[in-house]
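Chemist: After the sequence you'll find the predicted model.
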Amino acid sequence: MPRYGMVIDLDRCTGCRACMAACKVENNTPEGSFWMYVFRFEEGEYPNTRIWFMPRPCMHCDNAPCAKVCPVGARYKREDGIVATDWDRCIGCRYCEVACPYSVNYFNWRDPEENQYVNWKDPELEALSGGVIPPYKNPDLDRPCGPEKRHIAGASHVEGVIEKCTFCVHRVEAGKTTACAANCPEHAIIFGDLDDPASEPSQKLQRKSSFRLLEEAGTHPRVQYVGGTPHGHGWRQIQPAGKRS
Amino acid sequence: MQAKLERLPFGVGQLTPKYLTFVMGMLVLLAIGLLSYGRQLSEGHIITGLRDIGSMGGATWGLYIVFLIYFVGVSFAGITIAAMIRLLDVHYLKPISRIAELITVTALILAGLCILPDLGQPLRGITNLFRYARPQSPFFGTFTLVVSGYFFASLVYLYLASRPDAATCAQVPSRLQGLHRLWAAGYRGTPAEQHRRKVASFWLAIAILPLLVTAHSTLGFVFGLQVGRPGWHSALQAPGFVVMAGVSGVGLVILVAALFRRLYGAETRLDDRIFRWLGNLLMVLVLAYLYFMVVEWLTGAYEGHQHELKLTKALLGGDFASTYWLAVICLVVPLAILFGQWVRNQFSLTQLVVAGALVNVAAIAKRYLLVVPSQTHGTLLPYGTGSYSPTSVEYAVVLGVIALGCLIFAIFVKVFPVIDLTDGAE
Amino acid sequence: MTRGKLAVSMVLGGFFLQALSYFFLAAPLGIPTGVEYSNPRLPFAPAIFIAGVMLVFIAAIVYELLPDRDGGE
C-alpha cells in the first residue's frame, strides 16, 4: 500500500498563494478557513530584510495528536498515511483543534449556505442559480472513501463539524495528485508515495536536505520541507489572511 | 432514630413569597439562557466569541469549557467532605454533609450541561459518545468517569445518606409524606439496618475517593497531555486540577452552608466548629495551590522556551495580566484571612464567607487563564496573537446554567431537609 | 451473609466490566496507525464501561435495601 506524503520546496515557492485558491475551488471551503495556508514571512531590519514563504497544509502526522484525542474516532489515521476526518461522526467538540500544534483545523461556525463566500440562502441568488446544486454540495466529494467507506472528503461543510486538509483524498483515490500540487505554478508542492523510492517526492528528498515543522513535538509529520530553514525567532508574518468577524 | 418531629424541619414544604420571588428570578434567567442556546442552535456558533485557532486568530474553547471545568471542580468538595466524615470520623461535620453532597450532584449536572452548548453537534455527541468513545482520548475519562460514573456515585451517596432523615420526615403528616416514605424505602433504624448503613457508607466512601482523584485528574489530562499548546503540557496539570477543585469546592460549601445557616437560623445545627474546620481545610488547599502556581510560573519564566515565555509574559504583564493578578489577589487575601483566624484562634463567619467567595472568583479566573491564553497566545507556528472575548450569548447560557443550579437547590430544600437531622454519633 | 456476598460480587463484576471494556472491547490504545484505532472492537463498548461503573455503586444500594428474607428482624 502506498503511504502518501508531501514535499514542499521552499526555494521554489513565490508566495503566490495559488495553492490556497486551488484548495478553495476544489474543496469549497467556507469563508475564512484555509486548509492550505501560505505564510509570508519577513526577517531583519531595513535595508537588510528578506522575505520568504511557507505553505502549510495539514501535516498528516504519523503520530497525530488530533487522532489520539478524538473522543469518538471521527479523526483517524489511514493506512495510506492520510489523517482523515469523518464528518458524519464528528460531534464538534474541537478537541482536535486545540491538540494540533500546527493549527490546521477549521470549524464550521454556521450553516453551509451562509458560510460560503456568497450566501446561498439569498433569495436573489436562488432566483439566479435556478436551483442548481451549489458547488459546496459537490457530489464527487460526498461519496464514502476508502475500504472503510467513511465520509472524509471535503463535502458537506456541515454546521458544527470540524474540517481540515484531506490531502484531496477523493482525487488521490482516483489516481490524481492533490489540488494544491496540481495548481502550483512553480512545482514547489510535490505529492506522492513516500514509501516508493522512485516517486518524485522521494527523489526530491534524496537530492536535497529536508526538515519538518515542530519536529520536537514528536508528531512525525508526513509533510516535509526542502530548500530553506524552519522559521526562527525573528520572523514576522506579513499580509496574514483576513480575520473572520 | 430521632424523636418524632411536630412539623417538617428547615422550611420544608413551606413556600414563602421571598422564596417564590427567588424561584421566579431564576426561572427568568434560565429562560434567557435557553433562548440564547436556541439562537446558537439555529444560527450556529458564529454568534459566540469563539473562532478557530491559527489563521483565524481566535480561541476555539471558551467560556463553556471554562465553566465545565469550574463546575466539575466545585463538585469535588461535596463528596470529599462527606467521605472524610465517614473515614476520618469527624462526626461534628455531619450536619453539613447533605449540603456538600447536594453541591456535588448539582455541580455535575451543570458540568454536563456546559458540554452541550460547546458541542457543534450536541445530538451526535450524546449518541456517538456511547457508541464510539475511545479510551485513548482524555475526554473518555471526562465523559465516563466524571459525568456518568462520578455523578451516579454521588447520587447513590446522597440517597443512601439521606434515608434515615427521610424516615424521620415520613412520620410527619404532610403533603410530602408519601414521597418521604418512598425515599426512606422502609428504613426503620433497627440495629441491623444501622449496622448495614455504617458498613455501606464506609465502603462507599472508600470507593469514591479514588474515583474522585481519577475523575479530576482525567480532566487535568485533557489539558496536561497536549504537547501542542504551551502552558498546558505539564505534569502539574492533573494534581493542580485536584487541588484547585478542592479550593473552589470548599469555598462554595462555606458560602452555601453560611447561607442556609442564616436562612434557617440554624446556628446550633451548623455550629462554628464546622466552619472552622472548613476554613482550615480551605487554608491548606489554597496554600498548596499557591505553591503549584509559583512552580508553574517559575518553570514558564525560567526555561526560556520561546512559546512558554511568550505565554508567561502575556499572563504576568500582557493581555491577561489583570485577570492573572486578580486571581492571585483572590487567593492571597483569603489565605491571609484564614491564616489570621487560625493563628489567633479567632473566628468570624463573615470573613470566612468573604474568603469562600474570593477563592471562587479566583477559581473561575484561573480556569479562564488556563483555557484561553494557550490558544490565543500559544500557537507554535507564527500566526500572530489572537484574541477572544465572550459574547452575550455565552454569558447568557452560562448564567442560565447557574440559574438552573440554584433552582435545583431551591426545589430540593423544599422537599427535603437540606441540613442533616440525625446526629453524627447515631 | 448472602447480602454481603451479592454486593461484593456486584462490585467485582463492575470492575471486571470496566477493565474488559477499557482494554479489550473499546478502541485500542497506542499510536493510531489505521482505521481500527477509531472504532470500538465491540459496538457500544463505552456503554459497557459506564454500566460497570454504575454496577459498582448500585451494589451499595442493593446491600442496604435488599429486603431480609425472613421479613426483617
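Modeler: Noted; the coordinates are in hand. Just so we're clear, the structure is a prediction, and the values are computed from it rather than from any experiment.
Chemist: Scan chain A for its longest helix.
Modeler: helix A:18-27 (DSSP state H).
Chemist: Would you mind listing the buried residues in that one?
Modeler: A:18-20, A:22-24, A:26-27 (16 or more other CB atoms under 10 Å in any protein chain shown). Glycine gets a C-beta too; all of them are placed from N, C-alpha and C.
Chemist: Just give me the closest of these to chain C.
Modeler: Nearest to chain C among the buried residues of helix A:18-27, counting by CB to the nearest CB, is A:Asn27 at 21.7 Å.
Chemist: Give me the distance from the longest helix of chain A to the chain's centre.
Modeler: With CA atoms, centre = their mean, to the nearest Å as the basis, helix A:18-27 stands 10 Å off its chain's centre.
Chemist: Same question for stretch B:394-414.
Modeler: For stretch B:394-414, the distance to the chain centre is 13 Å (CA atoms, centre = their mean).
Chemist: go on, stretch B:193-207?
Modeler: With CA atoms, centre = their mean, you get 25 Å for stretch B:193-207.
Chemist: Please apply the same query to stretch A:202-214.
Modeler: On CA atoms, centre = their mean, the centre of stretch A:202-214 falls 19 Å from the chain's centre.
Chemist: what does it contact?
Modeler: A:7, A:9, A:56, A:59, A:101-102, A:190, A:192-194, A:196-197, A:220-221, A:223-230, B:380-381 (CB atoms under 8 Å, 6 or more residues apart in numbering or on different chains).
Chemist: and the longest helix seen in chain C, what's its mean pLDDT?
Modeler: Longest helix of chain C, by residue count under DSSP H: helix C:45-65. Regarding helix C:45-65, the rounded mean pLDDT is 88.
Chemist: for that helix, which positions count as buried?
Modeler: C:45-61, C:63-64.
Chemist: near chain A too, which of those?
Modeler: Among the buried residues of helix C:45-65, no residue sits close to chain A (CB under 8 Å from any CB of the partner chain).
Chemist: still on that earlier bit, within reach of chain C, which of the buried residues of helix A:18-27 are there?
Modeler: Counting by CB under 8 Å from any CB, no member of these is near chain C.
Chemist: contacting residues around the closest residue to C:Leu66 other than its chain neighbours?
Modeler: Distances taken as CB to CB, 6 or more residues apart in numbering or on different chains put C:Arg3 closest to C:Leu66, at 5.5 Å, once the chain neighbours are dropped. Neighbouring residues of C:Arg3 by CB under 8 Å, 6+ apart: B:196, C:62-63, C:66.
Chemist: Turn these into TSV, columns for distance to A:Arg40.
Modeler: Formatted as TSV, the contacts of C:Arg3 follow (distance: CB to CB, whole Å):
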residue	distance to A:Arg40
B:Arg196	73
C:Val62	67
C:Tyr63	68
C:Leu66	72
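Chemist: Please list the residues of chain A that sit near chain C.
Modeler: A:62-64, A:67-68, A:70, A:73-79, A:86, A:146-148.
Chemist: Which one of the contacts of C:Arg3 is nearest to chain A?
Modeler: Using CB to the nearest CB, those come closest to chain A at C:Val62, 31.6 Å.
Chemist: just checking, the closest one touches C:Val11?
Modeler: No - using CB atoms under 8 Å, C:Val62 makes no contact with C:Val11, being 10.2 Å away.
Chemist: In chain A, which residue is most central in space?
Modeler: A:Cys165 (3.0 Å; CA atoms, centre = their mean).
Chemist: And what about that residue, helix, strand or coil?
Modeler: Three-state assignment for A:Cys165 (DSSP: H, G, I helix; E, B strand; the rest coil): coil.
Chemist: Low-confidence ranges, chain B, go.
Modeler: Applying pLDDT under 70 to chain B flags residues B:1-6, B:422-426.
Chemist: hang on, the earlier thing: and the contacts of C:Arg3, which two are the farthest apart?
Modeler: Greatest spacing in the contacts of C:Arg3, by CB to CB: B:Arg196 and C:Val62 (11.1 Å).
Chemist: hang on, the earlier thing: let me have the buried residues of helix A:18-27 in a markdown table, extended by distance to B:Ala166 and pLDDT.
Modeler: Formatted as a markdown table, the buried residues of helix A:18-27 follow (distance: CB to CB, whole Å; pLDDT from 0 to 100):
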| residue | distance to B:Ala166 | pLDDT |
| --- | --- | --- |
| A:Ala18 | 73 | 95 |
| A:Cys19 | 69 | 95 |
| A:Met20 | 66 | 94 |
| A:Ala22 | 69 | 95 |
| A:Cys23 | 64 | 94 |
| A:Lys24 | 64 | 92 |
| A:Glu26 | 65 | 93 |
| A:Asn27 | 61 | 93 |
